[in-house]
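S.K.: Predicted structure and sequence below. I'll ask about it afterward.
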Amino acid sequence: MVSVRFQGRLNDFLPPEKRGTELEVTPLGSPAVKDLLESLGPPHPEMGEVRVDGALVEFGHRLAPGSRVEVFPSRGVVEGVPRFVLDVGLGRLSGFLRMLGFDTLWRNDYRDDELARVSSSEARILLTRDIGVLKRGEVRLGYFPRATDPAEQLVEVVRRYGLGARMSPFSRCIACNAPLSPAAPHEVVGRVPEGVAERHTRFQQCPDCRRVFWAGTHQERMQALVDRLRTLEVQEG
């Protein structure tokens, strides 16, 4: 028999009646910590410290009968400015993250193995609501957004990774992720609605898809969202 207790938000992956309790498990043989813990629900990228009988262990540690395991949530700390890759169901969230200035990959035809490979090879945080993808062995950085609404998912991710102080709003193309470059009014004539080039003097354009951006009412609404996101505290536990 092995005893397991999950701490904090890891309980989100357990049935309601098992949350916050000590789980008694009878494993076959001497399983690796990762395999046993994932069989109970949580994916390993959401886990941080794992302690067996009080000692810190790695995911490959083999469990002996009678072991007591305590698992803590991973901390949202990454080196440098976080970069992301999102699964096919998170298209709107990808647009929000790009709007905030974060390098965010998304396609509507990503396969599960591609997501895992890109996340691993490029050290990108994998955001997905497919727990099975997060459990792939090569994935090291990942998060399962609990909310289903894109705006609520954005709040979650900003809090999870402390993005409030790392934003560079309106610096990336929300359609294709490329960094934007300045454009003069005469460069955008014929590429923006009639009258826009006369009313505005500052434009940005995407070097890849040639889309043009300017500070209209939509950007004013988005700026209000950005200001609110900057005030969010980092999520702990």
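M.R.: Alright, I've got the coordinates.

S.K.: can you tell me which residues contact Leu63?
M.R.: Leu63 is in contact with Val2, Pro27, Ser30, Pro31, Ala32, Val33, Leu36, Val52, Val69, counting by C-beta atoms under 8 Å, 6 or more residues apart in numbering. Backbone N, C-alpha and C define where each C-beta goes, glycine included.

S.K.: Any figure for the gap between it and Arg129?
M.R.: From Leu63 across to Arg129, the span is 29 Å (C-beta to C-beta, to the nearest Å).

S.K.: ditto for Arg230
M.R.: Arg230 is 26 Å from Arg129, by C-beta to C-beta.

S.K.: do the same with Arg92
M.R.: Counting by C-beta to C-beta, the gap from Arg92 to Arg129 is 13 Å.

S.K.: what about stretch 113-122, average pLDDT?
M.R.: Stretch 113-122 shows a mean pLDDT of 98 in the predicted model.

S.K.: and Gln204, what element?
M.R.: strand 203-205 (DSSP states H and E).

S.K.: after that strand comes which helix or strand?
M.R.: Sequence-wise, the next helix or strand downstream of strand 203-205 (DSSP H and E) is strand 212-214.

S.K.: Which residues does the following helix or strand past that following strand contact?
M.R.: Going down the chain from strand 212-214, the next helix or strand is helix 217-230, by DSSP H and E. For helix 217-230, contacts defined as C-beta under 8 Å, 6+ apart pick out Met99, Leu100, Leu154, Val155, Val158, Leu163, Gly164, Ala165, Met167, Pro169, Phe170, Phe213.

S.K.: so what pLDDT did the first one get?
M.R.: Turning to Met99, the model gives it a pLDDT of 95.

S.K.: can you check the last one too?
M.R.: Reported pLDDT at Phe213 in the predicted model: 87.

S.K.: tell me the domain boundaries of this structure?
M.R.: If you go by the TED database, the domain ranges for the chain are 2-73, 77-155, 169-232.

S.K.: residue contacts, Arg146?
M.R.: Taking C-beta under 8 Å, 6+ apart, one finds Asp12, Glu156 in contact with Arg146.

S.K.: Could I get the phi/psi values of it?
M.R.: Taking degrees, to the nearest 10, you get phi -70, psi -40 for the backbone angles of Arg146.

S.K.: And Gly142, by the same measure?
M.R.: The phi/psi pair for Gly142 (degrees, to the nearest 10) is phi -170, psi 160.

S.K.: coming back round to it: pick the most buried one from the domains of the chain.
M.R.: Comparing those by mean neighbour count (mean count of other C-beta atoms under 10 Å), domain 77-155 ranks first with a mean of 18.

S.K.: Please read off the pLDDT at the closest residue to Gly41 other than its chain neighbours from the model.
M.R.: Closest residue to Gly41 apart from its sequence neighbours, by C-beta to C-beta, 6 or more residues apart in numbering: Phe13 at 3.7 Å. Predicted confidence (pLDDT) for Phe13: 98.

S.K.: So which residues of the protein form helices?
M.R.: For the chain, helices defined by DSSP state H occupy the ranges 33-39, 91-99, 112-121, 131-134, 150-160, 185-188, 196-199, 217-230.

S.K.: quick one: which of those has the weakest pLDDT on average?
M.R.: Among the helices of the chain, helix 196-199 scores lowest, at a mean of 75.

S.K.: now it, how far from the chain's geometric center?
M.R.: Its chain's C-alpha centre and that of helix 196-199 lie 37 Å apart, by C-alpha atoms, centre = their mean, to the nearest Å.

S.K.: Can you show me the CA trace of it as CSV?
M.R.: Taking C-alpha atoms only, helix 196-199 is exported to CSV below (Å, rounded to 0.1, in the frame of the first residue of the first chain):
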residue,chain,number,x,y,z
VAL,A,196,-8.4,56.0,-41.3
ALA,A,197,-5.1,57.1,-42.8
GLU,A,198,-6.3,60.7,-42.6
ARG,A,199,-7.4,60.5,-39.0
